[in-house]
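K.L.:
Next one to model:
(2 chains, ligands or ions: 3)
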Amino acid sequence: MTTGQKISVTVNGVNYEREVEPRLSLGDFLRHDLQLGGTHLGCEHGVCGACSILIDGKSVRACLMLAIQADGLEITTIEGLRDPQGGHLHPIQQAFVEEHGLQCGFCTPGFIISTVELLAGNPSPSDEQIKDALGGNLCRCTGYETILRSVRLASARVQAGKAAAHNSA
Amino acid sequence: MKPAPFDYYAPDSVEEAVALLERLEGEDVEAKILAGGQSLMPMLNLRVARPDALIDLRKLDTLKYIRDEGEVIAIGAMTSKSDAEDSGLLKQQQPLFQHASYLIGHRQIRNRGTVGGSFAHADPAAEYGAAAMALGIEMKIVGPDGERVVAAEDFYITFLTADIDSTEILTEVRVPKMAPGTGWSFQEMARRDGDLALAGAAVTLRLEGGNCSEVRVAVFGVNGSPARIAEAEQLLEGSSPADELFRQAGKAAAAAVDEPIADVHGSGDYRRQLISVLVARCLAEAVERAA
Ligand SMILES: Cc1cc2nc3c(=O)[nH]c(=O)nc-3n(C[C@H](O)[C@H](O)[C@H](O)COP(=O)(O)OP(=O)(O)OC[C@H]3O[C@@H](n4cnc5c(N)ncnc54)[C@H](O)[C@@H]3O)c2cc1C
Ligand code: FES
Ligand code: FES
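P.N.:
Ligands and ions are numbered 1, 2, ... in the order given. Predicted coordinates:
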């Protein structure tokens, strides 16, 4: 049973059927088998948060899951956030660009994924709530201040977007 | 690939999983249960653990529940810690357990990590250990000979070792509800938010005619296993609450800690000092919350 086992996963809306060795991590599977390099691997033992992805809308560490455990699950990675028609960046990605929420960008996919989960559950978080939700993501470059600003801007945009949709309805 | 090779099984029922554990044990194959993987996967990636086989409980949806059973809230072992954190039932009727769930790691860890996995892993710095001692939580364990129920005091043996045999599975934790009017507090100190605690404490108590009663003081993170501290409880029991008394109880708790852990994160004396301060803070907050 150490040899390949068949799995079927949906990543960013696309279904993939692959054979995987049981010890293959989900992070390595996404990066090497599916060529989705946006999910970054830093520490590979759960500490840095760079590998965060969404499974059924919840953020999890891709380095702490086996690919085989993703059989039958729906995954969203950083590549899946861009809107598929117009190709525009997700509002959270756009806010990180505008507020300089990144320098080298290594940690950024993880921060953005964590922010997606945060704003889905709490569209207007306080600074304390932002820090709490992003506490599991490490950044060696920015000093975090611009990340905080990016999330504030994203939150304001999400709110404004909702208000606009409401008014036009 | 980081982990060493292993055989992989994902049984469909608890019975099947137990039978598999028993068969592999008979064949001298070292098998490990995989639950949320938030402790085991780092150990596999670092090759600190190199089991021959993994038995993944991910298909056991029957072990995912938080149930009101009258006096007790029953939590299935495969329930995620974020489900415990978000549970309205726990927030209302067992806020100490709910808060302890929230204090564990980060949201990403709690989304995958299971309640049962934390109990089974028995890390001395696990918040649930102190909750188990302070609240009198019981563990339901299933093995080849059927089911047994273990009290918290008997469950924790030492570092990373709980009273679960290699052919057994922890299926449920049974958390007594908090009686209305009970005051509680949970405090810990970690180097960074979400890190494993260097030391921590949990307290529950009631006020009867202005005096403390039914005082429970538990500490964790300081040595091999979480423990209740009778010396501190006795100082409070029947006494009128006062800051000086809380400080004395804190000192008594610190003195009662055997062989505190000393490592790169803090000396034994530092951890003892933390216990002294955290127990006193817990007592003050619990008295404030008691009605
Ligand atoms: C960055 C980071 C920070 C963390 N911070 C904290 C923290 O602050 N506090 C804290 O308490 N924990 C912390 N953890 C650990 C986390 O809570 C784990 O989820 C937990 O210790 C194990 O639960 P799991 O479901 O992930 O179990 P796994 O990792 O899958 O298993 C852990 C062990 O328990 C055994 N096991 C699991 N389930 C069962 C069962 N039902 N029956 C019998 N044996 C079983 C496994 O065989 C294994 O030996 C942290 C982890 C990380 C990566
Ligand atoms: S690579 Fe997964 S948490 Fe660091
Ligand atoms: S931008 Fe470089 S690590 Fe965060």
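K.L.:
Give me the spatial nearest neighbour of residue B:169, chain neighbours excluded.
P.N.:
residue B:142 (5.3 Å; Cβ to Cβ, 6 or more residues apart in numbering or on different chains). For the C-beta atoms, the positions are set from N, CA and C on the backbone; glycine is no exception.
K.L.:
Off-centre distance for whichever helix or strand the one you found is part of?
P.N.:
Secondary-structure assignment from DSSP states H and E places residue B:142 in strand B:138-143. When distances are taken as Cα atoms, centre = their mean, to the nearest Å, strand B:138-143 is centred 15 Å away from the chain's centroid.
K.L.:
Show me what it is in contact with.
P.N.:
Residues from elsewhere that reach strand B:138-143, judged by Cβ atoms under 8 Å, 6 or more residues apart in numbering or on different chains: B:14, B:18, B:119, B:147-152, B:155, B:162-165, B:167-174.
K.L.:
Model confidence for the residue nearest to residue B:169, exactly?
P.N.:
With respect to pLDDT, residue B:142 scores 98.
K.L.:
Could you count how many residues lie near it?
P.N.:
19 (other Cβ atoms under 10 Å in any protein chain shown).
K.L.:
and it, how far is that from chain A?
P.N.:
Counting by Cβ to the nearest Cβ, to the nearest Å, the gap from residue B:142 to chain A is 22 Å.
K.L.:
separation between that residue and residue B:266?
P.N.:
If you measure residue B:142 against residue B:266 using Cβ to Cβ, to the nearest Å, the figure is 38 Å.
K.L.:
Same question for residue B:183.
P.N.:
As for residue B:183, its distance to residue B:266 is 29 Å (criterion: Cβ to Cβ).
K.L.:
which of the two has more neighbours?
P.N.:
Remark: of residue B:183 and residue B:266, residue B:183 carries more neighbours, 23 against 20, as counted by other Cβ under 10 Å.
K.L.:
Now do the same contact list for residue 99.
P.N.:
Here I'm looking at chain A. A:146, A:149, A:150, A:153 are the contacts of residue A:99 under Cβ under 8 Å, 6+ apart.
K.L.:
Switch to chain B, please.
P.N.:
Counting by Cβ under 8 Å, 6+ apart, residue B:99 makes contact with residue B:186.
K.L.:
And for the one 4 residues further on?
P.N.:
The contact partners of residue B:103, taken as Cβ under 8 Å, 6+ apart, are B:127, B:186, B:188, B:197.
K.L.:
Next step: the residues you listed restricted to helices.
P.N.:
When these are checked against helices (DSSP state H), the matches are residue B:127.
K.L.:
which of the contacts of residue B:103 sit farthest apart?
P.N.:
B:186 and B:197 (10.4 Å; Cβ to Cβ).
K.L.:
shared neighbours of the two, anything?
P.N.:
What both residue B:186 and residue B:197 touch, as defined by Cβ under 8 Å, 6+ apart, is the set B:103, B:127.
K.L.:
Within range of ligand 3, give me the residues from chain A.
P.N.:
A:102, A:103, A:104, A:105, A:106, A:107, A:139, A:140, A:141, A:142 (Cβ under 6 Å from any ligand atom).
K.L.:
pLDDT weak spots in chain A?
P.N.:
In the predicted model, chain A carries pLDDT under 70 at residues A:1-2, A:168-169.
K.L.:
where do the helices sit along it?
P.N.:
A:26-28, A:91-98, A:108-121, A:127-133, A:145-168.
K.L.:
For the first one, which residues meet the burial criterion?
P.N.:
It refers to helix A:26-28. Buried positions in helix A:26-28, judged by neighbour count with 16 or more other Cβ atoms under 10 Å in any protein chain shown: A:26, A:27, A:28.
K.L.:
Contacts for that helix, please.
P.N.:
So helix A:26-28 is contacted by A:39, A:41, A:44, A:51, A:53, A:62-63, A:65-67, A:69-70, B:1 (Cβ under 8 Å, 6+ apart).
K.L.:
Nearest residue to the residue nearest the centre of chain B in space, ignoring adjacent ones along the chain?
P.N.:
In chain B, the C-alpha closest to the average C-alpha coordinate belongs to residue B:128, at a distance of 1.9 Å (Cα atoms, centre = their mean). Closest residue to residue B:128 apart from its sequence neighbours, by Cβ to Cβ, 6+ apart: residue B:118 at 4.8 Å.
K.L.:
quick one on the thing from earlier: which of the contacts of residue B:103 has the most neighbours?
P.N.:
Within these, most neighbours by other Cβ under 10 Å means residue B:127, with 28 neighbours.
K.L.:
ok, that one touching residue B:194?
P.N.:
No: if you go by Cβ atoms under 8 Å, residue B:127 and residue B:194 don't touch, sitting 11.5 Å apart.
K.L.:
on that earlier part again, would you mind listing the buried residues in the next helix-or-strand element following the strand holding residue B:142?
P.N.:
Sequence-wise, the next helix or strand downstream of strand B:138-143 (DSSP H and E) is strand B:146-151. Residues residue B:150 are the ones in strand B:146-151 that count as buried (16+ other Cβ under 10 Å).
K.L.:
who's the closest residue to residue B:69 other than its chain neighbours bridged to?
P.N.:
Setting aside the residues directly before and after it, residue B:69 is nearest to residue B:174 in space (Cβ to Cβ, 6+ apart), at 7.9 Å. Per DSSP bridges, the residues bridged to residue B:174 are residue B:74, residue B:138.
K.L.:
Can I get the helix or strand hosting residue B:134 in PDB, CA atoms only?
P.N.:
For residue B:134, the host element (DSSP H and E) is helix B:127-135. Listed next in PDB are the C-alpha coordinates belonging to helix B:127-135 (Å, rounded to 0.1, in the frame of the first residue of the first chain):
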ATOM      1  CA  GLU B 127      -4.700  23.700  26.900                       C
ATOM      2  CA  TYR B 128      -7.200  20.800  27.000                       C
ATOM      3  CA  GLY B 129      -5.100  19.100  29.800                       C
ATOM      4  CA  ALA B 130      -5.800  21.900  32.200                       C
ATOM      5  CA  ALA B 131      -9.500  22.000  31.100                       C
ATOM      6  CA  ALA B 132      -9.700  18.200  31.700                       C
ATOM      7  CA  MET B 133      -8.400  18.600  35.200                       C
ATOM      8  CA  ALA B 134     -10.400  21.700  36.200                       C
ATOM      9  CA  LEU B 135     -13.700  20.400  34.700                       C
END
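K.L.:
Tell me which other helices or strands it touches.
P.N.:
helix B:95-103, helix B:115-121, helix B:152-155, strand B:169-176, strand B:183-189, strand B:199-208, strand B:211-220, strand B:227-228 (3 or more Cβ pairs under 8 Å, 6 or more residues apart in numbering or on different chains; DSSP states H and E).
K.L.:
Got the domain ranges for chain A?
P.N.:
Chain A is divided into the following domains under automatic domain parsing: A:5-81, A:91-168.
K.L.:
Just say which of these is most tucked in.
P.N.:
Across those, the average number of neighbours (mean count of other Cβ atoms under 10 Å in any protein chain shown) peaks for domain A:5-81, which reaches a mean of 20.
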